[in-house]
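Asker: what follows is a predicted structure for the sequence shown.
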Number of protein chains: 2
Amino acid sequence: MNIALLGFGVVCSGVYDILKNMPEYNVTKILIRNPAKKTLDCMTLDFTDIENDKNIDLVVEAIGGLHPAREYILASLKAKKHVVTANKAVVAAYFEEFIAAAKENGVKFMVEATSGGGIPWIKNLQRVGRIDDVTNIHGIMNGTSNFILSAMTSEGKDFADVLKTAQELGYAEADPSADIDGDDVRNKCAISASIAFGCPVDVNGILQAGIRHISKADIDGVGKKGYNVKLFATAKRNGDSFDAVVEPVLLNKYSVEANVPKNYNITCLYGETIGEVKLYGQGAGGFPTGNAIVQDIIDVNKDNAFDINFDKKLNKTELISGKYYIRIPDGTAGWKEIIGDIIESEESTAAGTIVITKETTPAKVHKLFSINKEIFIARFA
Amino acid sequence: MNIALLGFGVVCSGVYDILKNMPEYNVTKILIRNPAKKTLDCMTLDFTDIENDKNIDLVVEAIGGLHPAREYILASLKAKKHVVTANKAVVAAYFEEFIAAAKENGVKFMVEATSGGGIPWIKNLQRVGRIDDVTNIHGIMNGTSNFILSAMTSEGKDFADVLKTAQELGYAEADPSADIDGDDVRNKCAISASIAFGCPVDVNGILQAGIRHISKADIDGVGKKGYNVKLFATAKRNGDSFDAVVEPVLLNKYSVEANVPKNYNITCLYGETIGEVKLYGQGAGGFPTGNAIVQDIIDVNKDNAFDINFDKKLNKTELISGKYYIRIPDGTAGWKEIIGDIIESEESTAAGTIVITKETTPAKVHKLFSINKEIFIARFA
């Protein structure tokens, strides 16, 4: 099988290194952007070299971002090449379009590497779906934010200090927004829910709260009550309805998810006959993500790939609910107008007002961000 | 696809109920032992009814035990019927013979349901093996013993009380030996290691220690030092060597494995490029195990099944080691002769002498059972 790589960063280098030991698979072209980095003969700066190469069977896309990734993916599918991608942003935005284009052209569109890195999450989600309706998924799907939360919990450090360490170790980008504000998780949540529920889920409809404004006081306070904080993607389905949200949650310290360490991920599903299944592993990195891509490549080559079918029409409604821990910084005006009717307890602390709510919905609580983006919320999961 | 079920207990009833909703699959014959339980027309008391039925494509074996399970499996394979089994004892004992017979007759022999119940363990182990050599596996592979250990830890109860509760809830058999002495885990360890390493592993060569003699004092004592006790299967490979052992281990309380609750299982692997992967789920029960069997059936039908290849020859050597916690009941003679040279600390308690050893091997420590089977051991993992 002849393969082209779009991009040659951490992920595609991982793919390249893994495929070197697999004689059935040849990387025959690599698209790069910077002419100074042309270190291999097969490297090209021109995508049409790949698009027009009839000998290329499969294109791996890992350039990231929406454009030109979308255009390259569509052009590759139209040129009857299978596409394997690690780019969660572009898949979350254009999943339905890609699946339709793949079907139209009789090729496969594969997304294992978009969600959960080395965890065989998408494949197992599809496999469980052969027997069960998957009605619930949740998980820790971002290594950077988990690294930060774990270190804050185990080492008692402040957010800013831990973020700095994460950046030095290469676990966090110079601009960490996508990781700590939940954008990355939201993309993975949309992709996972789309596959789990058989219906394209609009990523922009998923409410999102991150961990940027979590404080040592939050970690210590909930810790004393027996909880760890984790950033969760959660999605549920009930009949023709679904719901999805990305937000911090409070987990019993003695639970599996609460103890996912460092930059690891965990993804969880519930199906009627199989029950709960949880998958844990490296959520990022060249080799784990490269491994996920190569598994997709092998599945395409061996005709073992599952089709992604968006044959269901589901409506977004409020299926997710819970009590919330909310810390409101001093001087925030108007919060009582928003959550005044759901206060279970309220406490003034040095770090702000801490409210525990009655059972409520994400929509109700996320309204708080309209008055102050620095409010920290976490749902009791 | 026409399917025969051997047995109609918890597991085969689960299979039957799941397949009822899948029109592609028909259960056309069911072997039962007790004529009084013949509630369906398709039930027969005579295995040759199934063996000689040319319309049956696949046989599900879940009668348990070595005989006549072995004979039924071999006869089914020779009659060119695929075999899917949940019977860990017979697979652990005759795995190589079954694989050879399946190959000879051009049919599949499938074992997902033998190890980890509803956890898609075997499939993922094989799938990871397409890219990586799996060099380490471990896990909690028995729900009954995990239920007991979890309840002892979280509720502070004695072994005997918790075992009684487990029996009342149907999690433990009237004779719980296979679960609490490690026999069941040893079978699963042999099967998992055979697949992970591509070499039939002799189940009788695996050292085994159980949890029958664990006391509240053990749980409390190691708990104060920050550890939970779990019963682990562990196997390692290094080049042409492998090692495997079943024994209690001590795990940091704030680790994923230490927090596997109730009767759940977790199975873990390490591969070079994928890194650590852990899979969590229901290790037993009619629907989860039935689900695993039906996944095998679908894989056979869709030609998605992986072949099991025993093309490697590995030697058993000592690759597993660690420090041990050992509690020696008062009045035990001769233990100093066995472990006198590896004592790191020694303490006299009301419950016996507690020894922490230096780094050593299972073989060294398991020798203690030759002088007193009631000695409790657990390796620091």
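Answerer: Cool, the structure landed.

Asker: give me the contact list for stretch A:203-212.
Answerer: With contacts defined as Cβ atoms under 8 Å, 6 or more residues apart in numbering or on different chains, stretch A:203-212 is touched by A:92-93, A:145, A:148-149, A:159, A:180-183, A:185-187, A:189-190, A:229, A:231, A:244-248, A:316, A:362-363, A:366, A:369, A:377. Any C-beta I mention is one placed from the backbone N, CA and C, and that applies to glycine too.

Asker: which ones among the residues you listed lie within strands?
Answerer: The strands, defined by DSSP state E, take in A:229, A:231, A:244-248, A:316, A:377 from the contacts of stretch A:203-212.

Asker: now, of these, which are buried?
Answerer: Buried by 16 or more other Cβ atoms under 10 Å in any protein chain shown: A:229, A:231, A:244-248, A:377, out of those.

Asker: count of neighbours near the closest residue in space to A:Val365 that isn't next to it in sequence?
Answerer: Nearest non-adjacent residue to A:Val365, counting by Cβ to Cβ, 6 or more residues apart in numbering or on different chains: A:Tyr324, 5.1 Å away. A:Tyr324: 28 surrounding residues under other Cβ atoms under 10 Å in any protein chain shown.

Asker: partner residues bridging A:Glu346?
Answerer: Using DSSP bridges, the beta-bridge partners of A:Glu346 come out as A:Val355.

Asker: that one and chain B, how far apart?
Answerer: Plainly put, A:Glu346 is 31 Å away from chain B if you go by Cβ to the nearest Cβ, to the nearest Å.

Asker: repeat that for A:Phe147.
Answerer: Distance, A:Phe147 to chain B, using Cβ to the nearest Cβ: 15 Å.

Asker: thinking that residue is in contact with A:Asn265, fair?
Answerer: No: using Cβ atoms under 8 Å, A:Phe147 makes no contact with A:Asn265, being 10.8 Å away.

Asker: which residues touch the helix or strand where A:Lys336 lies?
Answerer: Using DSSP states H and E, A:Lys336 sits in helix A:335-339. For helix A:335-339, the external contacting residues (Cβ under 8 Å, 6+ apart) are A:326, A:328, A:353, A:355, A:357, A:360, A:364-365, A:367-368, A:371-372, A:375.

Asker: which one (most neighbours) among those residues?
Answerer: Highest neighbour count within those: A:Val365, with 26 neighbours (other Cβ under 10 Å).

Asker: and A:Tyr16, what helix or strand is that in?
Answerer: Under the criterion of DSSP H and E, A:Tyr16 resides in helix A:10-19.

Asker: what packs against that helix?
Answerer: Helices and strands touching helix A:10-19, by 3 or more Cβ pairs under 8 Å, 6 or more residues apart in numbering or on different chains; DSSP states H and E, are strand A:2-6, strand A:26-31, helix A:286-301.

Asker: the second one and chain B in contact?
Answerer: No: contact between strand A:26-31 and chain B, assessed by Cβ under 8 Å from any Cβ of the partner chain, is absent, since the two come no nearer than 15.2 Å.

Asker: after that strand comes which helix or strand?
Answerer: Next helix or strand after strand A:26-31 toward the C-terminus (DSSP H and E): strand A:43-44.

Asker: can you show me the CA trace of the helix holding A:Tyr16 as CSV?
Answerer: Below are the C-alpha coordinates for helix A:10-19, written out as CSV (Å, rounded to 0.1, in the frame of the first residue of the first chain):
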residue,chain,number,x,y,z
VAL,A,10,5.4,14.8,15.8
VAL,A,11,2.5,12.7,14.6
CYS,A,12,3.6,12.0,11.0
SER,A,13,7.1,11.4,12.1
GLY,A,14,5.7,8.7,14.5
VAL,A,15,3.7,7.2,11.6
TYR,A,16,6.8,7.2,9.4
ASP,A,17,9.0,5.5,12.0
ILE,A,18,6.4,2.8,12.7
LEU,A,19,5.8,2.1,9.0
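
Asker: now it: buried residues?
Answerer: Buried residues in helix A:10-19, counted by 16+ other Cβ under 10 Å: A:10-16, A:18-19.

Asker: cool, and stretch A:135-154?
Answerer: By 16+ other Cβ under 10 Å, the buried positions in stretch A:135-154 come out as A:135-153.

Asker: how far off centre is that stretch?
Answerer: 11 Å (Cα atoms, centre = their mean, to the nearest Å).

Asker: tabulate the helices and strands packed on helix A:10-19 (a markdown table), appending mean neighbour count.
Answerer: Output for the helices and strands packed on helix A:10-19, formatted as a markdown table (neighbours: other Cβ atoms under 10 Å in any protein chain shown):
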| stretch | mean neighbour count |
| --- | --- |
| strand A:2-6 | 24 |
| strand A:26-31 | 20 |
| helix A:286-301 | 25 |
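
Asker: as JSON lines, these with mean pLDDT would be great.
Answerer: Shown next, in JSON lines, are the helices and strands packed on helix A:10-19 (pLDDT from 0 to 100):
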{"stretch": "strand A:2-6", "mean pLDDT": "98"}
{"stretch": "strand A:26-31", "mean pLDDT": "98"}
{"stretch": "helix A:286-301", "mean pLDDT": "97"}
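
Asker: of all those, which one is nearest B:Ala79?
Answerer: Nearest to B:Ala79, of all the helices and strands packed on helix A:10-19, is helix A:286-301, at 31.8 Å by Cβ to Cβ.

Asker: that closest one and chain B, any residue contact?
Answerer: Yes: using Cβ under 8 Å from any Cβ, helix A:286-301 reaches chain B at A:287-288, A:290-291, A:294-295, A:298.

Asker: which of those lies closest to B:Glu257?
Answerer: Distance to B:Glu257, by Cβ to Cβ, is smallest for A:Pro288 among those, at 19.8 Å.

Asker: spatially nearest residue to the closest one (excluding sequence neighbours)?
Answerer: Spatially, and ignoring its direct neighbours in sequence, A:Pro288 is nearest to A:Gly118 (2.8 Å; Cβ to Cβ, 6+ apart).

Asker: next up, the contacts around the one you found.
Answerer: Contacts of A:Gly118 (Cβ under 8 Å, 6+ apart): A:281-283, A:285, A:287-289, A:291-292, B:273-275, B:277.

Asker: what is the burial count for A:Glu374?
Answerer: Considering only other Cβ under 10 Å, A:Glu374 is surrounded by 13 other residues.

Asker: now A:Ala69
Answerer: 22.

Asker: how confident was the prediction at it?
Answerer: At A:Ala69, the predicted lDDT confidence score is 98.

Asker: just confirm it contacts A:Asn87, I think it does.
Answerer: Yes: between A:Ala69 and A:Asn87 there is a contact under Cβ under 8 Å: 5.3 Å.

Asker: what is in contact with those two at once?
Answerer: Counting by Cβ under 8 Å, 6+ apart, the common neighbours of A:Ala69 and A:Asn87 are A:61, A:63.

Asker: mind listing the helices for the stretch 1-150 of chain A?
Answerer: For the stretch 1-150 of chain A, the helices defined by DSSP state H, counting those that start in this stretch cover A:10-19, A:47-51, A:69-78, A:88-104, A:121-128, A:143-155.

Asker: so, low pLDDT: which residues of the stretch 151-300 of chain A?
Answerer: Within the stretch 151-300 of chain A, no range satisfies pLDDT under 70.

Asker: who in it is up against chain B?
Answerer: Residues of the stretch 151-300 of chain A lying near chain B by Cβ under 8 Å from any Cβ: A:154, A:253-256, A:258-261, A:264, A:266, A:271-282, A:285, A:287-288, A:290-291, A:294-295, A:298.

Asker: end-to-end on stretch A:4-14?
Answerer: 14 Å (Cα to Cα, to the nearest Å).
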